[in-house]
Structure formats: structure tokens, C-alpha cells
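>>> Pasting the sequence and the predicted coordinates here, then a few questions.
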2 protein chains.
Amino acid sequence: MTETADNGVNVQALLDARKAFEDAPEAAECRWQATCEWKNGTHSRSVVEGFYGLGQSQTRKTVFEFDADHPEVFASEDKGATPTEILLVGLASCLTAGIASIAQHRGIQLRSVKAQIEGDIDLQGMLGMDEEDRSGFRDIRVSFEIDADANREDIEALVAQAQKRSAVFDIVANPTNVDVTVK
Amino acid sequence: MTETADNGVNVQALLDARKAFEDAPEAAECRWQATCEWKNGTHSRSVVEGFYGLGQSQTRKTVFEFDADHPEVFASEDKGATPTEILLVGLASCLTAGIASIAQHRGIQLRSVKAQIEGDIDLQGMLGMDEEDRSGFRDIRVSFEIDADANREDIEALVAQAQKRSAVFDIVANPTNVDVTVK
């Protein structure tokens, strides 16, 4: 371990936030949002811009856009990643950000972090062929390859802690309430 | 309802796939994948390219890239959407693709489909301040605004069916097994 690890994460700001939330827990309430507009077929475009956090609506300098579609072999136009692939990106990037943050907090210098993520789906579920088959992933596997100033045990502990704190891991691994309504 | 609804969805191909899977269920096995590489701080870049489906590895003409990061007010550099926002995009776009596909199957002509999606998180969970607080969304709300050649009842039934068949809805609403390992 190095005493001068620099993974580009401002741990002091996170510790300050923690302290601030102890005095004012309501400031920890956060609302993330996106809009999605249908284009044609299975193609849609989503926009991520504002959010609510630290007690107020927040804006950004950048607007993030996402095209989603299905691939050509599924008779679509492949104008974007499939929604299930987008979910995998959310999960892998959440775990990765957690690894960087926790490594910084533990004084572990990272050199590289790479994740391969995959998930298995039986399309019979999505097509409603068998009510027993679920529509979503049966299993998701994430494999990390990490080069860091730490031994294997510390790297495994780092990944375990990132998994424990990851918002997206929690959402995927545990049931999350989703209300879908029509205006 | 129109008899000539055209939402750009090839329903015949989906019905053909269904029929093919009845004869060869193993062809319905699909594996979606992504890779994620840490850049600096909470910033990572993910790539979506190949997948496995219809009995073989599939490639695409396009590679889809995703930057993920945390916003500046959380002491990060905002180089991409947050992973939780990316998950919301996956969910909204999955439901939207389902709405278009099911509308086509039911002969409902869509004119526009817009979704607003939001989810609430208490950051105290992610920061490990209280083991009782979960890290992920407490609640997700999706609100659809749909202009279509159908009455309100048919539109609500359409959205309900899309929710029932959506892979990402299933993954988020129900527990999904995730194995995280270190190479």
C-alpha cells in the first residue's frame, strides 16, 4: 500500500458529505432521472440531464444521450445497444467507480481496472412462450482484472466492499419497487 | 385500431422466432455482454459490441461506447451519466421497445411514446452510514405519455403487457443473481 495513492477520487469530499449528512440527513436524499422518447420500431433515445441532490435541483454542463435498439439478427436496426446491455453497463460502471473510491480510501494505488460482464437470458421468457421462464437475466457474471499496489487478498476485499456499497448491484440483486403509470 | 398499423416493428420475424424456438429451445439462449475500463476517479468507459444469440456469437457493424461518472457536486468530473441514471435508461428503453412491439402485434398505431423515469436514493446507504438504508433505489417511477390510435383502456393494457414482458423490468423488480469475481 502507498500512503500517497492517487486514483483521482476526492475522498475528503466524500467524508465531508458523510459528516454533513449526519447533521442533515435530508440532504442525502437524491433523485436520479431520465427521459426516453420512442423513435421507430424498437429504437428509442433517452436523455439524462438534471437530477435532485444535496437539497436542490442540479443541472449539468453536459446532456447525455443514449440510443437503444435491438440488433439486426432480431429483425431490428441496431441503432443502439439493447436495454439489457445498457443495464450491464450501469452495473459494471457502478462497481468500478466503487472500486476506485474505496481503493483511494484504503490507500491502494490502482493502475488498471477492467471488468467483463455478461448475463444469460432465455428469449422464451420475453416472448411469453413459457410463464415459468423469467424475462430477465437468469445469471449475471462480472469478472474483474485489477492491477494495483495491493496483494490479492486486499484486492478481493476491495471488490467485495464495492459490491456491498454499489447502488446498481443492490438494485439488480434485490427486489426494487417500480411503479409504471400512464399519464 | 387500424389494420395497417406500422410502428416499424417486424412482428412476423418475432412470431417466426417464437415458432423456431418451439422446435429448438436452445436457440433462445442469449448472452449479452459488455466490458468496462476504469479511466480515473469515478470515470469509466464501457463498450458493447458482440453478443451470443440464435445459437452463435454475433457481431455488429457498430460499437457502442458509454462513459460513466459522478456529477461535479459529488466532487467528480461529470464525464458521463451516473451508473444509476444508466440503469434508468435501460429500464425506460426496454419498456418503450416492448410498447412498440406489442402495439404492432395488437394493430395499434403509435404516434408518440414518451417516458419520464426517476428513482430515489438515500446516499447514506451508499456511504455506509446506516446498514438499514439500502444502497440502491427505494422506488422507481415511470410515467408514460402515449399518443396512439387506441383508447385509454387499450393503452393501459399495452403498457401493462410491456411491463410483464420487459427483461430489464424483471431484472430490477425481482432478485437477480450476480456473481462478482476477481481474475
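It's in.

>>> Tell me which stretches of chain A form helices.
Taking DSSP state H as the test, the helices found in chain A are A:11-23, A:83-105, A:123-126, A:152-165, A:167-173.

>>> and the second one with chain B, contact?
What that stands for is helix A:83-105. Yes: Helix A:83-105 reaches chain B (Cβ under 8 Å from any Cβ of the partner chain) through A:83-97, A:99-101. From N, CA and C alone the C-beta is placed, and that goes for glycine too.

>>> Generate a ChimeraX selection restricted to the buried subset of those.
Of those, the buried ones go into a single ChimeraX selection, burial set by 16 or more other Cβ atoms under 10 Å in any protein chain shown:
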select /A:83,84,85,86,87,88,89,90,91,92,93,94,95,96,97,99,100,101
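
>>> Just put the helices of chain A in a markdown table and tack on mean pLDDT and distance to B:Leu15.
As requested, the helices of chain A are arranged in a markdown table below (pLDDT from 0 to 100; distance: least, Cβ to Cβ, whole Å):
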| stretch | mean pLDDT | distance to B:Leu15 |
| --- | --- | --- |
| helix A:11-23 | 90 | 52 |
| helix A:83-105 | 97 | 21 |
| helix A:123-126 | 86 | 13 |
| helix A:152-165 | 97 | 41 |
| helix A:167-173 | 98 | 31 |
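
>>> of all the ones you listed, which lies closest to B:Val142?
With respect to B:Val142, and counting by Cβ to Cβ, the nearest of these is helix A:83-105 at 12.8 Å.

>>> so who does A:Asp130 touch?
The contact partners of A:Asp130, by Cβ atoms under 8 Å, 6 or more residues apart in numbering or on different chains, come to A:Gln124.

>>> and it, how far is that from B:Cys94?
From A:Asp130 across to B:Cys94, the span is 20 Å (Cβ to Cβ, to the nearest Å).

>>> cool, and A:Arg106?
From A:Arg106 to B:Cys94 the distance is 36 Å (Cβ to Cβ).

>>> what do you get for A:Ala13?
34 Å.

>>> From A:Thr96, how far off is the residue nearest to the spatial centre of chain A?
Nearest to the geometric centre of chain A sits A:Gly90, at 2.9 Å (Cα atoms, centre = their mean). To A:Thr96, A:Gly90 is 11 Å away according to Cβ to Cβ.

>>> got any residues that touch both of these two?
Contacts common to A:Gly90 and A:Thr96, judged by Cβ under 8 Å, 6+ apart, are B:Ala68.

>>> List the contacts of the residue lying closest to A:Gly41 once chain neighbours are set aside.
For A:Gly41, ignoring the flanking residues on the chain, the nearest one in space by Cβ to Cβ, 6 or more residues apart in numbering or on different chains is B:Gly8 at 3.4 Å. Applying Cβ under 8 Å, 6+ apart to B:Gly8 gives the contacts A:40-41, A:43, B:100.

>>> so for stretch A:55-73, what's the average pLDDT?
Per-residue pLDDT over stretch A:55-73 has a mean of 95.

>>> Compute the number of surrounding residues for A:Asp179.
9 (other Cβ atoms under 10 Å in any protein chain shown).

>>> thinking it is in contact with B:Phe144, fair?
No: assessed by Cβ atoms under 8 Å, A:Asp179 is found out of contact with B:Phe144, at 11.4 Å.

>>> Mind listing the shared neighbours of those two?
Joint contacts of A:Asp179 and B:Phe144 (Cβ under 8 Å, 6+ apart) do not exist.

>>> hang on, the earlier thing: how about the residue nearest to A:Gly41, phi and psi?
phi 80, psi 10 (degrees, to the nearest 10).

>>> repeat for A:Thr176
Residue torsions, per degrees, to the nearest 10, at A:Thr176 are phi -130, psi 130.

>>> my read: it touches B:Ile121, true?
No: if you go by Cβ under 8 Å, A:Thr176 and B:Ile121 don't touch, sitting 10.7 Å apart.

>>> Those two: who's more crowded?
Between A:Thr176 and B:Ile121, counting by other Cβ under 10 Å, B:Ile121 is the more crowded of the two (25 against 22).
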